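> Please work out how this folds:
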Amino acid sequence: MNFQKLFQILLSKHIKMGYLRDPRIKEILGNLPLERLLTEEQLKRFILADSPVLFYYKDKNNLRTVSAPHMISMMTSMMELDSSDNVMILGSKGGIIEATISQAVEKITIVEEHDEVASITEEAFIKLGIKNLWVQRQNPLFGLPKNGPYSKILITGSIPFIPYSLIDQLSINGILVAPLMMNHPNFQNIFQIIKQPNKLEIVNFGGVVFGPLFFTELPEIDQKKDITIQKILKDEQRLPILEKKEFFEDYKILPKIECHNLIFKESNEIYQNIDLSKMVKKEFYKDCELQISLFNPDSSPIQISFEFFSPSTGEKQIINGILLNPQIPFLLKFNLKIPLKEGNFKVHFVCISLKRYRLAHTRAVFHVLKNEKLDEFEVSIEFDI
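Below is the predicted model:
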């Protein structure tokens, strides 16, 4: 059985399914000599079942697994790896994801407190043909500040909270990926945390099952600074309180909204020049038709998604997978299913490079007002980048 060919087919499926966004990772991971590291039975489980496999077992409470291929694809995509990155991995996963990342970035630090696991991981690097890659033996929850700042940090085991000292070791615009315990140690969500100049942006990528991160000492929690699941959930539920208003009484059929010149550029920014839009009586549609003029100034295709959200009603509409070819203006038209009424509506734009995971994103607020004198409606747009 040609496991390497089967593994490359699996990784191609991951790209189609959206787990894997970086072709470099597909190339590196797909060419690792896994047969040097895993037995035939392990390869069958790892590749054919796309499942984790044990690489260390002492008892049911003291074991370690190599992450399933789809989880390796997902974690590396969430990290948005760049060739110039300085990466820190906290907790060993048996060598495969560590070896893959080490060949995709400039510098890597691996921290593991369990001596046996660290030794097995270093032996795995040798079997995989990776030279000069070692494991630092110490508590991963303290990180390793002397090798920082890090542009990317990956925590490979579930933890009850993220010490802010790890955020301090992250550079501005750096990304930390971690599975956080929810109400129960076996119920976790994996988060991408982006360190911006004046705030943290936290993105929840949903439920996962990880073994706990190994450490002998849990730092004392700082309720004000450390990142806990309670704080994240509180922030997710915090919505602006808007005055509830009735639907436009004058018009039973909703008007058209026009947005112009929303430009995405590969620099972690979004440039926009959106005119004040007017909704006049002669432009009636059965549904509210939203038109957005999009332009990709880069040399490679990108795709965008966005969510239109009404904070007052909680209704949302999501548009995914809009492909923007380079240097070609694109007019997006779709029917807005959320009932339009006077007030504020939030829009969350996400721009995804076909080379990477998230290229840029921003949030906007549509302000919908009625001009009584002109007998027309106006829409203005305010951005929070």
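> now the helices: where do they sit in the stretch 1-150 of the chain?
With DSSP state H, counting those that start in this stretch as the criterion, the stretch 1-150 of the chain has helices at 3-17, 23-30, 40-43, 69-79, 96-102, 115-127.
> can you pull the buried residues of the last one?
Going by neighbour count (16 or more other Cβ atoms under 10 Å), the buried part of helix 115-127 is 117-118, 120-122, 124-125. Glycine gets a C-beta too; all of them are placed from N, C-alpha and C.
> Now tell me what touches it from outside.
Helix 115-127 has contacts (Cβ atoms under 8 Å, 6 or more residues apart in numbering) with 33, 36-37, 55-56, 64, 92, 94-96, 98-99, 110, 112, 131, 133-135, 137, 214.
> same deal with the longest one?
For helix 3-17, the surrounding residues in contact (Cβ under 8 Å, 6+ apart) are 20-21, 23, 26, 29-31, 33-35, 43, 47-48, 50, 69-70, 73.
> if you set the cut-off to 6 Å instead, what comes out?
20, 26, 30, 43, 47, 69-70, 73 (Cβ atoms under 6 Å, 6 or more residues apart in numbering).
> Direction-wise, compare it with helix 23-30 and give the angle.
Put simply, helix 3-17 runs at 150 degrees to helix 23-30, going by axes from the mean of the first three to the mean of the last three Cα atoms, to 10 degrees.
> between helix 3-17 and helix 69-79, how many degrees?
With the same axes, to 10 degrees defining the directions, helix 3-17 sits at 50 degrees from helix 69-79.
> how about helix 3-17: buried residues?
For helix 3-17, by 16+ other Cβ under 10 Å, it's 3-4, 7-8, 10-11, 14-15.
> Give me the mean pLDDT for stretch 151-168.
For stretch 151-168, the mean per-residue pLDDT is 95.
> pLDDT for the buried residues of helix 115-127 - can I get that in a markdown table?
Below are the buried residues of helix 115-127 laid out as a markdown table (pLDDT from 0 to 100):
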| residue | pLDDT |
| --- | --- |
| Val117 | 95 |
| Ala118 | 95 |
| Ile120 | 94 |
| Thr121 | 94 |
| Glu122 | 94 |
| Ala124 | 94 |
| Phe125 | 93 |
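> could those residues go into a markdown table alongside distance to Glu307?
Rendered in a markdown table, the data for those read as follows (distance: Cβ to Cβ, whole Å):
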| residue | distance to Glu307 |
| --- | --- |
| Val117 | 41 |
| Ala118 | 43 |
| Ile120 | 43 |
| Thr121 | 40 |
| Glu122 | 44 |
| Ala124 | 41 |
| Phe125 | 42 |
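> Just flag the most distant two among those residues.
Greatest spatial distance in those: Val117 and Phe125, 13.1 Å, computed using Cβ to Cβ.
> can you pull out the strands in the stretch 51-200 of the chain?
Taking DSSP state E, counting those that start in this stretch, the strands of the stretch 51-200 of the chain run over residues 53-59, 62-66, 86-90, 107-111, 135-136, 150-155, 161-162, 170-181, 188-195, 200-208.
> picking up where we left off before, okay, the contacts of helix 3-17 in JSON lines with pLDDT next?
Putting the contacts of helix 3-17 into JSON lines (pLDDT from 0 to 100) gives the following:
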{"residue": "Leu20", "pLDDT": "85"}
{"residue": "Lys26", "pLDDT": "93"}
{"residue": "Gly30", "pLDDT": "93"}
{"residue": "Leu43", "pLDDT": "94"}
{"residue": "Ile47", "pLDDT": "94"}
{"residue": "Pro69", "pLDDT": "94"}
{"residue": "His70", "pLDDT": "92"}
{"residue": "Ser73", "pLDDT": "92"}
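> Which of the residues you listed sits closest to Gly321?
Lowest distance from Gly321 to the contacts of helix 3-17 (Cβ to Cβ) belongs to Leu20, with 15.8 Å.
> Would you check that the closest one makes contact with Ser73?
Yes - Leu20 is within contact range of Ser73, at 3.8 Å (criterion: Cβ atoms under 6 Å).
> Neighbour count for the two, which is higher?
More neighbours surround Ser73 than the other of Leu20 and Ser73, with 28 against 24 (other Cβ atoms under 10 Å).
> Enumerate every residue touching that one.
Applying Cβ under 6 Å, 6+ apart, we find Ser73 in contact with 14, 19-20.
> just checking, Gln192 touches Val203?
Yes - in this structure Gln192 lies within contact range of Val203 using Cβ under 6 Å: 4.4 Å.
> more crowded one of those two?
Gln192 (20 against 15).
> Who is the more buried one paired with across the strands?
Val177, Val203 (DSSP bridges).
> Not counting sequence-adjacent ones, nearest residue to Glu106?
Closest residue to Glu106 apart from its sequence neighbours, by Cβ to Cβ, 6 or more residues apart in numbering: Ser84 at 5.3 Å.
> hmm, back to that, looking at the buried residues of helix 115-127, which is nearest Ser165?
Ala118 (21.4 Å).
> Count residues in the vicinity of Ser151, would you?
Other residues near Ser151 come to 24 when the count uses other Cβ under 10 Å.
> Kindly apply the preceding question to Ser305 instead.
Here the number of neighbours of Ser305 (other Cβ under 10 Å) works out to 15.
> Also Met74?
Neighbours of Met74 using other Cβ under 10 Å come to 24.
> next one: Glu41
9.
> pLDDT below threshold where in the chain?
Where the chain drops to pLDDT under 70, the residues are 185, 235-300, 311-312, 336, 338-385.
> quick check, Ser305 in a helix?
No - counting by DSSP: H, G, I helix; E, B strand; the rest coil, Ser305 falls outside a helix, being strand.
> Any figure for the gap between it and Gln192?
Distance of Ser305 to Gln192, given as Cβ to Cβ, to the nearest Å: 15 Å.
> And for Gly207?
Per Cβ to Cβ, Gly207 is found 15 Å from Gln192.
> thinking again about what came up before, mind giving me the ChimeraX command for buried ones among the contacts of helix 115-127?
With 16+ other Cβ under 10 Å as the criterion, this ChimeraX line picks the buried residues out of these:
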select :37,55,56,64,92,94,95,96,98,99,110,112,133,135,214
